[in-house]
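Undergrad: next one to model:
(chains A, B, C and D)
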4 protein chains.
Amino acid sequence: MGDDRLDNGSAGENNLDSLGMSLSRIVSFSDGVFAVAITLLVLSIKVPVLRPEVADRELPRALLHLSPIFTAYVISFLVVGLFWIGHHRVFGLFKRYDRGLLWLNLIFLMTIVFVPFPTSLISKYSDSRAALIVYAVSIAVSGLLLCLIMWYGVHDRRLVDFVDENEHLRFMFGYSSMALIFLLSIAVSFLNVDAAKYFWLVMIPSNFLIDHWLLVKLEERRGGRREGAA
Amino acid sequence: MGDDRLDNGSAGENNLDSLGMSLSRIVSFSDGVFAVAITLLVLSIKVPVLRPEVADRELPRALLHLSPIFTAYVISFLVVGLFWIGHHRVFGLFKRYDRGLLWLNLIFLMTIVFVPFPTSLISKYSDSRAALIVYAVSIAVSGLLLCLIMWYGVHDRRLVDFVDENEHLRFMFGYSSMALIFLLSIAVSFLNVDAAKYFWLVMIPSNFLIDHWLLVKLEERRGGRREGAA
Amino acid sequence: MGDDRLDNGSAGENNLDSLGMSLSRIVSFSDGVFAVAITLLVLSIKVPVLRPEVADRELPRALLHLSPIFTAYVISFLVVGLFWIGHHRVFGLFKRYDRGLLWLNLIFLMTIVFVPFPTSLISKYSDSRAALIVYAVSIAVSGLLLCLIMWYGVHDRRLVDFVDENEHLRFMFGYSSMALIFLLSIAVSFLNVDAAKYFWLVMIPSNFLIDHWLLVKLEERRGGRREGAA
Amino acid sequence: MGDDRLDNGSAGENNLDSLGMSLSRIVSFSDGVFAVAITLLVLSIKVPVLRPEVADRELPRALLHLSPIFTAYVISFLVVGLFWIGHHRVFGLFKRYDRGLLWLNLIFLMTIVFVPFPTSLISKYSDSRAALIVYAVSIAVSGLLLCLIMWYGVHDRRLVDFVDENEHLRFMFGYSSMALIFLLSIAVSFLNVDAAKYFWLVMIPSNFLIDHWLLVKLEERRGGRREGAA
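TA: Residues are numbered from 1 along each chain as shown, chains lettered A, B, ... in the order given. Next comes the predicted model:
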C-alpha cells in the first residue's frame, strides 16, 4: 500500500505494478460491481402473493399496485447508469492512481452497492417521507463522492497530465447539480412526498442548461482569445 | 456527455476517450449485466417447503410440481442467451458510439435485467393470462429495442463503416419476428394460456424459414448481378 | 447466426467477426456466469431464526445444526470450481467456434447456473434420497456436457488445429469418471443416503489413478516409438 | 491439471496454455467473484416490515434500529475491499502459476464468498458472542489464506522471479496482523461483545506502526550498506 503515484502509461492488461494492480484493473473491478448492483435492483420487485383460486382474476390489479415499485426500479436503474457513465468519464481522464484514489473509489462503490436498499425502501413505503429522505441522501452522497474523486485526481494534476477545462466544468456542474436536486427534493418532500419525486425530473432541463451555458461560455472565451490575438 | 461520434478504431483496452470510455468497455459492462441477469434466473426456483417428517416421502411429488418453474427457467435462459448473442452481433458491427447508443443500450439492458421478474411471475402463476402477457410483452420489448439499436447504428451509417445487407436483414427479421411471435402469443392466450406457450416454439421453424428465404434472395441477387454484368 | 467456423487467430479483444463476437468474448461471458453462480451458493446458507431472548444461548447449537448446509456449500463450491477449470482447459484448446459450440456452451452454463438450486435442496433435506438424486444428476449432466463440448470441438479437428492425445484422454477420463461417480452414488443412496455422499470422495483416488495410468500408458507409447525407431 | 509451472510472460489475453488458462484469467475470474461477493453484502440489509397505517410514523425509528446492520455492512465492505487489494498485490508479483496456486486461490475465494453469511449473522444477532466468533474466525481464515498464498508463491521463488523483501514483509505483517487482531477480538468478546468490535479498530494504528517500523528498518539496512561500502 505505497503512496507513490503509478503510471498506467500505454501498457496493457499485464501492467501490474508495485501496488499489485493497474488502473485498468480498478476500472474493470468497478464495472463488475456496477453490473451486479444494477442487476440486483430487480430483486426489489417481488412477485405478488395471491391465493390460487383468485390469482387469475386479481393478478392484473395486483400488478397495477406494483407501479410505484416499477417506477423506483426505472429511476434507480437510470441513476446507477448515470453514475456508471460518470465513473468512466473520471477514470478515462486519470493516467495514474494512488492509495487515496483506491480508497475513495471503494467508498464510492460502497454507496453504489447500497442503492438496492433505498430502492426497496421507497418501493415498499412509497408515501413515506423517511424513505424518500434515505433515498435522496444515498444518491446525493454518491454524486458528491464522484465529484470528490474527480477533484482529487485533477487538483494539482495529481493523477492527470492534462485537463480539458470545459469537460471538467461540465462534469462537476452535472454531477453536483444532480446531488443538489436530490437534496432539494428533501425540502420539497416536507410539502408533498409525491411532488418531491417529480422534482427529480428537474435534472433534465438542468443538464440541458448546463450544457448550453458552458457552450456559450466556451464561445465567449474563444472570442476573447481571438480579440487578444488581434 | 458530448454527442460527437467516437472511433474505436484498432486501439485496445486503454482507448479511453472524451466520453470516458471505449466501445469495448460498453460491451464488457453489458456482458457483466447479462451474466448476472441470466444467473439470477435460478433464484426463481424456490426449494419446496415440507414438514420434516413427510419430506422424504413427499419431496419427489413436490419436485414434479415445480415443472412449470423449470420450464420457465429453461425458456428464459435460452431467450436471454439469444439476446446476448444478438447484442454481440450488433456491437460487433459498430465501429463508434455516441450518446444515443449509450442510452439506448442502458434501456435495453434495463429490460434484460427485468426478465427474472416476469420469469418468477409465470413460474408462480403458470395458468394466469395476466402473467403470460407481462412475460410476452417484456420479451417483445427487449427484441424490438435490440432491432432499434441495430437500426440506430446502421441508419445513415451512423456508427458503422460498412453494412453487410444480408447479415443486416437476417438480424432484423430474426429479432423482430421473435418479438412478433411473443406478441401474437398474447392473442393465442385468449383462446388458451398453455397453447400460447407452445406457440413460442414457432420461433424454431420461423428462424429456419428466414435463413432459407434469405439464402434464396441472396442467390437471386447474385444471379441478377451476373445477368447485369453479361 | 451463420454456421461457418471462425478463426480467433492471434487478434486481440477487438476481433469481432461476422457472428458478432470472438472466442475470448464467449470465455469472458462464461467466466462472469461462473463467478455469479459460484457466489450465489452462499445464499443457500440462511441465518437461523431464533427468538431474541434465547438467541445468545441457542445460537451455537443452531449453527452446529447448519453443518450439512456448510458441507453442501463446500462441495458445490469445489465442484463448480472444478468445472470452471475444465471449461478453461477446453476453451484453451479451441482456436475457432461455430454456432454449435455457442449453443452447447449456453446449455452447459444453464446447468452450472442451476447448481445453487440442488445445493439448497440437499442443504434443506439432507436425509432425503430424492434431493440427493436431483443433486447427483445435476452434477453428472454438467460433467457429461463438458465432455460433449470437448468431443464436439476435437472430433474431426472441428475447432482445434492440433490435439495432444494425452491431455485429451486425461480430460475425458477425468470429467466422465466424475459424472460416473455421481451417477453411481445414486445407486449407493438406495443402501444409505449418507454413504452416497461419502462415495463422492472416490473422485480423489480416481483422479490419482487416471493420472498415474495415463503416465504409464504414455511411457509405454514412448517406449514403443523408440523400439519402432530402432 | 499438470503440475508444471507456466509462464505468463508478456503475452496477452490469448495466452492460453496447457492448463487451459493464463494467470490473467485467474485474476479476472477472482475479480468477478470479489465483485459479486462485495455486492451481495447489501442483501443482508432487509427493509423493515411495518403495518401500512403506522409506517410513516414508525419508519424513522425502525431505520435507526438497523444501525448495527449498516455498521456490519460498512465493516464487511471495507474488509472485502482490503482483501481485494491484497489479492492483487499477491497476483501482481506472480509470474507463473501451478496447480497448487489454482486450488489455494479457489479455497481463498470460498472464504471470501462466505463473508455475506457471517455479516448477516452479526447483523441479526449483534449482541451474540457466537455470531462475533463466527465472523472473526471467517475473516482471520481469509487473511491467513492470503498470507499462505503469498508464502506459497514466494518460497523458493516458486512463482516469482524476484522478491522485493520490503514489500513482501509489509504484506505478510499487514495481513497476518489483521488476522491476529480478529482472533484476539474473540478473547476480548469474553469480556464484552461490543468492545470486541471496537477492538477491530486497532488495525488502523497497527498498519501505521508496521509501515513506520519497516521504513526505519529499511533505512537501517541502507545505512548498513553504506557503511559496508565505505
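Undergrad: the closest residue to A:V74 other than its chain neighbours: which element?
TA: Nearest in space to A:V74, with sequence neighbours left out and distances taken as CB to CB, 6 or more residues apart in numbering or on different chains, is B:M110 at 7.0 Å. Using the backbone N, CA and C atoms, a C-beta is placed for each residue, glycine as well. Element membership for B:M110 (DSSP states H and E) is helix B:99-114.
Undergrad: and the next element down the chain from that helix?
TA: Assignment by DSSP H and E places the next element after helix B:99-114 at helix B:116-124.
Undergrad: and the residue of chain A nearest chain C?
TA: Taking CB to the nearest CB, chain C has its nearest neighbour within chain A at A:V36, 7.5 Å off.
Undergrad: could I get the contacting residues of A:V36?
TA: A:V36 sits next to A:113, B:32, B:36, C:36, D:35-36, D:39-40 when contact means CB atoms under 8 Å, 6 or more residues apart in numbering or on different chains.
Undergrad: ok, now A:L78?
TA: Contact partners of A:L78, counting by CB under 8 Å, 6+ apart, are B:106, B:110.
Undergrad: what's the spacing between the residue nearest the centre of chain A and A:S138?
TA: The centroid of chain A falls nearest to A:F83 when counting by CA atoms, centre = their mean (2.5 Å). The spacing between A:F83 and A:S138, counted by CB to CB, to the nearest Å, is 11 Å.
Undergrad: list just the nearest of the contacts of A:V36 to B:V193.
TA: Distance to B:V193 across these (CB to CB) is lowest for B:V36, with 30.1 Å.
Undergrad: ok, and the closest one, which helix or strand is that part of?
TA: Short version, using DSSP H and E: B:V36 is in helix B:23-40.
Undergrad: dump the C-alpha coordinates for that helix into PDB.
TA: The C-alpha trace of helix B:23-40 is given here as PDB (Å, rounded to 0.1, in the frame of the first residue of the first chain):
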ATOM      1  CA  LEU B  23     -16.800   0.800 -27.200                       C
ATOM      2  CA  SER B  24     -15.200  -2.300 -25.700                       C
ATOM      3  CA  ARG B  25     -15.900  -1.100 -22.200                       C
ATOM      4  CA  ILE B  26     -19.700  -0.700 -23.000                       C
ATOM      5  CA  VAL B  27     -19.700  -4.300 -24.400                       C
ATOM      6  CA  SER B  28     -17.900  -5.700 -21.300                       C
ATOM      7  CA  PHE B  29     -20.200  -3.800 -18.900                       C
ATOM      8  CA  SER B  30     -23.200  -5.200 -20.900                       C
ATOM      9  CA  ASP B  31     -21.600  -8.700 -20.700                       C
ATOM     10  CA  GLY B  32     -21.400  -8.400 -16.900                       C
ATOM     11  CA  VAL B  33     -25.100  -7.300 -16.700                       C
ATOM     12  CA  PHE B  34     -26.100 -10.200 -19.000                       C
ATOM     13  CA  ALA B  35     -24.100 -12.700 -16.900                       C
ATOM     14  CA  VAL B  36     -25.700 -11.600 -13.600                       C
ATOM     15  CA  ALA B  37     -29.200 -11.400 -15.100                       C
ATOM     16  CA  ILE B  38     -29.000 -14.900 -16.600                       C
ATOM     17  CA  THR B  39     -27.700 -16.300 -13.300                       C
ATOM     18  CA  LEU B  40     -30.400 -14.600 -11.200                       C
END
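Undergrad: quick one: it to helix C:99-114, angle?
TA: Orientation check (axes from the mean of the first three to the mean of the last three CA atoms, to 10 degrees): helix B:23-40 against helix C:99-114 gives 50 degrees.
Undergrad: one step back: would you mark the buried spots in the strand or helix carrying the residue nearest to the centre of chain A?
TA: Per DSSP H and E, A:F83 falls inside helix A:67-93. Neighbour-count burial for helix A:67-93 flags A:68-69, A:72-73, A:75-93 (criterion: 16 or more other CB atoms under 10 Å in any protein chain shown).
Undergrad: again, but for stretch A:48-65
TA: Applying 16+ other CB under 10 Å to stretch A:48-65 flags A:48, A:50, A:55-56, A:59, A:62-63 as buried.
Undergrad: ditto for stretch A:120-132
TA: Buried residues in stretch A:120-132, counted by 16+ other CB under 10 Å: A:120-126, A:128-132.
Undergrad: stretch A:102-116 too?
TA: So, applying 16+ other CB under 10 Å, buried residues of stretch A:102-116: A:102, A:104-116.
Undergrad: who touches it?
TA: Contacting residues not belonging to stretch A:102-116 are listed as A:19, A:26, A:30, A:33-34, A:36-37, A:40-41, A:43-44, A:76, A:79-80, A:83, A:87, A:138-139, A:141-142, A:145-146, A:148-149, A:152, D:38-39, D:41-43, D:45, D:73-74, D:77-78, D:81, D:85 [CB under 8 Å, 6+ apart].
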